[in-house]
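>>> Provide a 3D model corresponding to the input given below.
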Amino acid sequence: MAVKIRLARRGRRKLALYDVVVADARAPRDGRFIEKLGTYNPLTNPATVEINDERAFHWIMKGAQPTDTVKSMLSYRGVLLRKHLQVGVLKGALTQEQADAKLAEWLREKEAKMKKKAEKLAESKAAESRARKEAESKVREARAEAIRKKQVVAEEAPSAETAEASDASGAPEAGSAES
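Down below sits the predicted model:
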């Protein structure tokens, strides 16, 4: 029986979530499976991958073949590196302590990279928010200035009309007195 580690889709249309499952290769995609290893949410930034690394390692060592997507997720989580190191231990190329040390160092570096990326995303989000607020304040100031100009024009227009009216009703014009 060929065993695969693959994704089983769930969730509604355009909001897909996936379960990472171990299943018989002949079983349907969303059908029967042997064991659920975790979940995968591609809609978050960065994508959320929650996998039981111990069980995934167990199945990989038993010969289960991951699909391309699951293989990249397992590589991201360090499961395939652990398998690689464990095969080296079984062949006698290195000791278990050396393999564990290499895996721990890789995991520390990976954690630092993930923290740095999360900080960068938070910083870019904050910068985008500041830029949006600045643009809104510029638009608000431009509207306020336009309203002030209209008010100034509206205040000057009645005073000009009253001055013209007082000139017309007051003294006669110089040109009409001569004729």
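
>>> okay, CA-based contacts and neighbour counts for the rest of this
Will do.

>>> Which secondary structure state does the spatially most central residue of the chain sit in?
Most central in the chain under C-alpha atoms, centre = their mean is N45, positioned 3.1 Å from the mean C-alpha point. On the three-state scheme (DSSP: H, G, I helix; E, B strand; the rest coil), N45 is labelled coil.

>>> Give me the pLDDT for it.
Looking at N45, its pLDDT reads 80.

>>> Could you check how far it is from I147?
42 Å (C-alpha to C-alpha, to the nearest Å).

>>> how about the strands in this protein?
Secondary structure of the chain (DSSP state E): strands located at 3-10, 17-24, 35-41, 48-51, 65-66.

>>> what's the distance between the residue nearest to D24 when sequence neighbours are not counted and E119?
Using C-alpha to C-alpha, 6 or more residues apart in numbering and skipping the chain neighbours, the partner closest in space to D24 is V3 (4.7 Å). Distance, V3 to E119, by C-alpha to C-alpha: 39 Å.

>>> Reformat the strands of the chain as a markdown table; add mean neighbour count, distance to G88 and mean pLDDT.
Converted to a markdown table, those look like this (neighbours: other C-alpha atoms under 10 Å; distance: least, C-alpha to C-alpha, whole Å; pLDDT from 0 to 100):
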| stretch | mean neighbour count | distance to G88 | mean pLDDT |
| --- | --- | --- | --- |
| strand 3-10 | 21 | 23 | 93 |
| strand 17-24 | 22 | 25 | 94 |
| strand 35-41 | 18 | 25 | 94 |
| strand 48-51 | 17 | 24 | 92 |
| strand 65-66 | 20 | 19 | 94 |
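
>>> closest to Q98 out of those strands?
Nearest of the strands of the chain to Q98, taken as C-alpha to C-alpha: strand 48-51 at 24.8 Å.

>>> Each with direction, which strands does that closest one pair with?
strand 35-41 (antiparallel) (DSSP bridges).

>>> what's the partner strand in contact with?
16-23, 47-52, 55-56 (C-alpha atoms under 8 Å, 6 or more residues apart in numbering).

>>> out of those, what pair is the most spread apart?
Once C-alpha to C-alpha is applied, the contacts of strand 35-41 give A16 and R55 as the farthest pair, at 23.9 Å.
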